[in-house]
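Colleague: what follows is a predicted protein model with its sequence.
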Amino acid sequence: MQMPQRVRRIVRHSLKAAASASLNAVGQAQQAFVRRRRSASDLADIQRILVIRLDLIGDLVMSLPAIHDLRVRWPQAHITMLCAPGAAPIARQCGDIDTVLTFDPSGVRQLSWWLKCSTYREIFSLIRELRRSHFDIAFSLFGEFACLFAWASAAARRIGYVDEGYRALFTHPVPGRRYQVAPGALPPHEAQWNERLVEMEGAPPLGILPRLSVDGTAAQWWYEQRIRLGLQERRYLVLSLGAQNGTAKRYDPALWADVASTLCRRHGLVVVLTGNAVDEPLAAAFQKSFRGEVCNLIRRTSLDQLCAIIAGATLVLTGDSAPGHIAAAYGVPAVVAFGPTDPHVYRPYSACTSVTHVSLPCSPCYDLLTTAECRLGLREPLCMRLLPTAVLIEEAEAWLAKPLELAHRQQCSFCSLGRDRLVMPSTDS
């Protein structure tokens, strides 16, 4: 007999509260009785830094400005990034990161994951590797697992937001968490949340946009593919139809087909479809309505190869998903359809991105507690359904009509980020 959802929530909340109390008690006992291995009170002599970010690809991209702040503040330091395996190629393309370690926390909500011996072998193997590195500082950028690994690393200084981890496991807890802002105030961008955290340890925010290099092997692969596909002399736009973190982030494929058909007809572009296996039904729906040349690479690319494709694109069209953030890191213009997520917090951190979103009382509704699904139970959320294709086409035309000024990528504050297009829903809708 399946446990009712309300009961499951109560049980989950109770277990989380018990775990929090236990871990905070352990942390307090450690602070009271265990002598730290070393003192890193002299921030000028930091040699080894650990940065932990275990969630999605786009979140890691938005963490890159904070990592750059650390590199500028401590140019001599060895910076290690602990991230999810799926995001590791992004970390390896960042010149500010010296070493990349991985851990996959995606199975944490499944009982079977906790019952596997391999789970504990992986965890303890990672902890041993972290402890051998003798980190001076560990930054937990987001999440409870990040907090736990920061503590397990035995770093002399452990920094994170109090309400996104366990207070007693941090040596230098920072008050607050994301979305905790004064009434009526706009929340800071995700990149600014991260920069604010490292600023607490003396790395001032520089406002630099995310920057990535293209993997050489992947760049060569895409060069050869373009020749094979007859695209070497053609301009192309990348279209990403899916979204890993919730179905409510997906714009209707038939509407994307209208946008792409218009742009391809006017500018002679080829559409390159990218995505995972779960996006294949979306691609089929798109191709039924699309009129133009299309190159379907869904399921056929690695993340490194996707980056190479995006880096060479004329334009990227996407919902709130990884390709928009990757485009930002390469300075490629993008038009992004936002729905349940707050564009003030999660828009691509770029000077050449247009963000379109509809003003509705129920949007944004995404709160980090679960995946982005429509709170009204609609298969096609109103915040996406009411976004006109004409607005997306107009924003795309604005980027296609002017040359990209790469100087915009060098330094940027939030107030100078790209274009925002707020759409008021029609009374006839």
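Modeller: Looks like it arrived, so ask away. Numbers count the residues shown, from 1 in each chain.
Colleague: just the strands in the stretch 51-200 of the chain please.
Modeller: With DSSP state E, counting those that start in this stretch as the criterion, the stretch 51-200 of the chain has strands at 78-83, 99-102, 137-142, 157-161, 172-174.
Colleague: in the last one, what's buried?
Modeller: Think strand 172-174. For strand 172-174, the neighbour count (16 or more other CB atoms under 10 Å) marks 173-174 as buried. Bear in mind the C-beta positions are built from the backbone N, C-alpha and C, glycine included.
Colleague: what lines up beside that strand in the sheet?
Modeller: strand 157-161 (parallel) (DSSP bridges).
Colleague: any chance of the strands of the stretch 51-200 of the chain in CSV, with distance to residue 259 and mean pLDDT too?
Modeller: As requested, the strands of the stretch 51-200 of the chain are exported to CSV (distance: least, CB to CB, whole Å; pLDDT from 0 to 100):
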stretch, distance to residue 259, mean pLDDT
strand 78-83, 33, 97
strand 99-102, 36, 97
strand 137-142, 33, 95
strand 157-161, 38, 94
strand 172-174, 42, 92
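Colleague: can you map out the strands along the stretch 301-429 of the chain?
Modeller: So, for the stretch 301-429 of the chain - with DSSP E, counting those that start in this stretch - the strands run 315-319, 334-337, 353-358, 419-423.
Colleague: before we move on, back to that, which stretch among the strands of the stretch 51-200 of the chain is buried most, on average?
Modeller: Ranked by mean neighbour count, the strands of the stretch 51-200 of the chain are led by strand 137-142 with a mean of 28 (mean count of other CB atoms under 10 Å).
Colleague: ok so, going back, same list, the strands of the stretch 51-200 of the chain, but as a markdown table with distance to residue 45 please.
Modeller: Putting the strands of the stretch 51-200 of the chain into a markdown table (distance: least, CB to CB, whole Å) gives the following:
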| stretch | distance to residue 45 |
| --- | --- |
| strand 78-83 | 13 |
| strand 99-102 | 20 |
| strand 137-142 | 11 |
| strand 157-161 | 12 |
| strand 172-174 | 17 |
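Colleague: quick one, which of the strands of the stretch 301-429 of the chain gets closest to residue 300.
Modeller: Proximity to residue 300, assessed across the strands of the stretch 301-429 of the chain by CB to CB, is greatest for strand 315-319 (17.7 Å).
Colleague: residues in contact with the closest one?
Modeller: With contact meaning CB atoms under 8 Å, 6 or more residues apart in numbering, strand 315-319 is reached by 237-243, 249-251, 256, 259-260, 263, 269, 310, 323-324, 327, 332-339, 384, 392, 396, 399-400.
Colleague: strands paired with that strand, and their directions?
Modeller: strand 236-240 (parallel), strand 334-337 (parallel).
Colleague: before we move on, back to that, from the strands of the stretch 301-429 of the chain, which stretch is densest packed?
Modeller: strand 334-337 (a mean of 30).
Colleague: leaving out chain neighbours, which residue sits closest to residue 301?
Modeller: Closest residue in space to residue 301, ignoring its immediate chain neighbours: residue 274 at 6.3 Å, by CB to CB, 6 or more residues apart in numbering.
Colleague: might you report the residue contacts of that neighbour?
Modeller: 238-240, 297-298, 301, 306, 309-310, 323.
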